[in-house]
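**Q** just a sequence and a predicted model for now, questions to come.
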Amino acid sequence: MSTTAEYHRKYRRTPQYQNWLKEYQTRPEVIKRKRVAALKYAENNRESLRLKAAERHKDNREHRLLQSRAAYEQYPERWAAQLKVRRALKAGVLVREPCSCGDRNSHGHHTDYTKPLVVIWLCRSCHQKLHSKLDEEKI
């Protein structure tokens, strides 16, 4: 004879339950409730989350270095252009400008790495939109 826990464990594996769960989890009110709960959790546990993130960062240092080195070897002209922009900003030759949407937290976007000091200043979201558009054009 099976217990209630065994019955529910088996039921959760059925296609009917999986379909219901998928439909339920994509409802706007459920998504909003989960988002609010996640924000509340983050607010109440800010310090422990910060410590966990710092620990993960420290634990993955070697992996991050390998990824960074691989990217540098794959795109050396990109890295050289970014370095020149950083140095020009520090020296005052370049001035960081706000994005066209008004966001003052902007990134420099290179349209041509052979001209490292010619950059378009974009916020993170506009920068991502631009790259998405560029990726679509390549396809």
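**A** Sure thing, it's come through.
**Q** any idea how far stretch 60-74 is from the chain center?
**A** 17 Å (CA atoms, centre = their mean, to the nearest Å).
**Q** so for that stretch, what's the average pLDDT?
**A** Across stretch 60-74, pLDDT averages out at 91.
**Q** repeat that for stretch 46-56.
**A** Mean pLDDT, computed over stretch 46-56, is 95.
**Q** could you do stretch 78-85 as well?
**A** 94.
**Q** show me the contacts for residue 85.
**A** Contacts of residue 85 were listed using CB atoms under 8 Å, 6 or more residues apart in numbering, and they are 94, 108, 110, 116-117, 119. C-beta: built from backbone N, CA, C; applies to glycine.
**Q** and the two most separated of those residues?
**A** Pairwise distances across the contacts of residue 85 peak at 12.2 Å for 94 and 110 (criterion: CB to CB).
**Q** now for these two: what residues contact both?
**A** Contact with both residue 94 and residue 110 is made by residues 85, 119, according to CB under 8 Å, 6+ apart.
**Q** what does stretch 102-119 rub up against?
**A** In contact with stretch 102-119 (CB under 8 Å, 6+ apart) are residues 77-78, 80-82, 84-85, 88, 93-94, 96-99, 120-127, 130.
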